[in-house]
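**Q** Everything below, folded, please.
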Amino acid sequence: MNIRIRIVVIIMALCTLLAISGCAFFGQLLSPAFTPTPASTPTPTAIAGIQTPITVDGAGLLIVMATNDPALYESGAFAIQTQPGETVLHVEAQTVSGNIDLGTFAQGVYLTDENGNKCPLVSYGNEKPFWEFMVPKTSKSFTLHLPDGQTIKLDSILKMIP
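**A** Down below sits the predicted model:
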């Protein structure tokens, strides 16, 4: 009987030890220290002039395209000739409200690249708002500067063709 008592005592001690360590383990898992904190999702900010209209000279304006696609400037009566190392960036807009005098407006529009280089305006639309700028082929990022001082970073809609 002495052996039975010892076995029972050992089994009870092992059960007690497992119960205590198990409670401690599960207690840690359930404690606030182990409760995962949900990650905060930043609220996206709309890009003024691209995703939301901006007001320029009383007209609502959205930039809808920025590309160097040669099909847009190498054909037609007013084909634009480029020099080696240059391409033409075509920036197209849409008026969503009001009217804009495109000729007057074009006089104050300019483009800069990521290095701050001012890219010359070579053409603009008379009936439809678009502007074409001579840009270095190596440039990867552009900002459109409007006559009233507003700027629009074009990277989110920029499509450069090598």
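
**Q** drop to CA atoms for contacts and neighbour counts, all remaining ones
**A** Will do.

**Q** after the lowest-mean-pLDDT helix or strand in the chain, next one along is what?
**A** Least confident helix or strand of the chain, by mean pLDDT, DSSP states H and E, is helix 2-30 with a mean of 61. For helix 2-30, the following helix or strand on the C-terminal side (DSSP states H and E) is strand 54-56.

**Q** Tell me who's in contact with residue 125.
**A** 102, 131 (CA atoms under 8 Å, 6 or more residues apart in numbering).

**Q** If you could redo that for residue 147, that was the one I meant.
**A** Applying CA under 8 Å, 6+ apart, the residues near residue 147 are 105, 107, 108, 109.

**Q** Give the partner strands of the biggest strand by length in the chain in its sheet and their orientations.
**A** Ranked by residue count, the top strand of the chain under DSSP state E comes out as strand 86-97. With DSSP bridges as the test, strand 86-97 is paired with strand 59-67 (antiparallel), strand 130-136 (antiparallel).

**Q** Now do the same contact list for residue 113.
**A** 119, 135, 139, 140, 141, 142, 143.

**Q** which residues touch the residue lying closest to residue 72 once chain neighbours are set aside?
**A** The spatially closest residue to residue 72, leaving aside those adjacent along the chain, is residue 90, at 7.4 Å (CA to CA, 6 or more residues apart in numbering). With contact taken as CA under 8 Å, 6+ apart, residue 90 is in contact with 65, 66, 67, 68, 69, 72, 73, 130, 131, 132, 133.

**Q** For residue 140, see how far away residue 90 is.
**A** Distance, residue 90 to residue 140, by CA to CA, to the nearest Å: 14 Å.

**Q** Turn the contacts of residue 147 into a markdown table, including secondary structure, distance to residue 47 and neighbour count.
**A** Below are the contacts of residue 147 laid out as a markdown table (DSSP: H, G, I helix; E, B strand; the rest coil; distance: CA to CA, whole Å; neighbours: other CA atoms under 10 Å):
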| residue | secondary structure | distance to residue 47 | neighbour count |
| --- | --- | --- | --- |
| 105 | helix | 21 | 16 |
| 107 | coil | 24 | 12 |
| 108 | coil | 22 | 13 |
| 109 | coil | 19 | 18 |
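
**Q** tell me which of the residues you listed is nearest to residue 41?
**A** Of all the contacts of residue 147, residue 109 has the smallest distance to residue 41: 36.2 Å, by CA to CA.

**Q** can you pull the contacts of that closest one?
**A** Residue 109 touches 121, 144, 145, 146, 147, counting by CA under 8 Å, 6+ apart.
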